[in-house]
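Visitor: Sequence first, predicted coordinates after that:
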Amino acid sequence: MISSLLLTLQVFSAFSIQGLASQSLQVPKCSCWAYYYCISENSRIYLAHKIVETMNRTDWKPKYLCHFESFCQSMMTGLDEYEKYKEDYDKLEHEMVKTNEPKRLGEKELETFINKAVESWKNNITKLINKTRFGCELADTVSNTKLLCLFSW
């Protein structure tokens, strides 16, 4: 009796853990698409988790897509294709102009910037909870830091 109970518990816990693992956010390693500044792997992971945490989904997590970074990057460099496809995507942007000391931000400063961006987007992100895919680009230059994210079905 006890051994069959233990076997049942082991099988149940194995499936429960698998179910939880499939619910977790998988952030891929993405390549830089052009000469423009690209989001670092650490910033990508941190940002993706902050966005998903803010979306507050418990049943599933949206998928992070690398090719959305490329699309965001083309928008940041002035090749704005967004107008053609805006019915398919929702766009969120945040920018900080550096007036005091022109320099690139360190990892902790980028996290602070990301936190401020996601906080400023909070009301908009919660309206995007039905979006199944997203991707972002973070460009940090000596004169400004820009974050752009796209969300889609």
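Guide: That came through fine. Residues are numbered from 1 along each chain as shown.
Visitor: Identify the residues contacting the nearest residue to residue 102 once chain neighbours are set aside.
Guide: The spatial neighbour of residue 102 that comes closest, neighbours along the chain excluded (CB to CB, 6 or more residues apart in numbering), is residue 142 at 4.3 Å. Just so you know, the C-beta spots here come from the backbone N, C-alpha and C atoms, and that holds for glycine as well. By CB atoms under 8 Å, 6 or more residues apart in numbering, the contact list for residue 142 reads 98, 102-104.
Visitor: Give me the phi and psi angles of the residue most central in space within the chain.
Guide: The centroid of the chain falls nearest to residue 48 when counting by CA atoms, centre = their mean (2.7 Å). According to degrees, to the nearest 10, the main-chain angles of residue 48 amount to phi -60, psi -40.
Visitor: hang on, it packs against residue 64?
Guide: Yes: the pair residue 48 / residue 64 is scored as a contact, 4.9 Å apart, by CB atoms under 8 Å.
Visitor: ok, back up a step: most neighbours among the contacts of residue 142, please name it.
Guide: When neighbours are counted as other CB atoms under 10 Å, the busiest of the contacts of residue 142 turns out to be residue 98, with 15 neighbours.
Visitor: Okay, that residue and residue 151: tell me how far apart.
Guide: To residue 151, residue 98 is 27 Å away according to CB to CB, to the nearest Å.
Visitor: So for residue 103, what's the pLDDT?
Guide: Turning to residue 103, the model gives it a pLDDT of 78.
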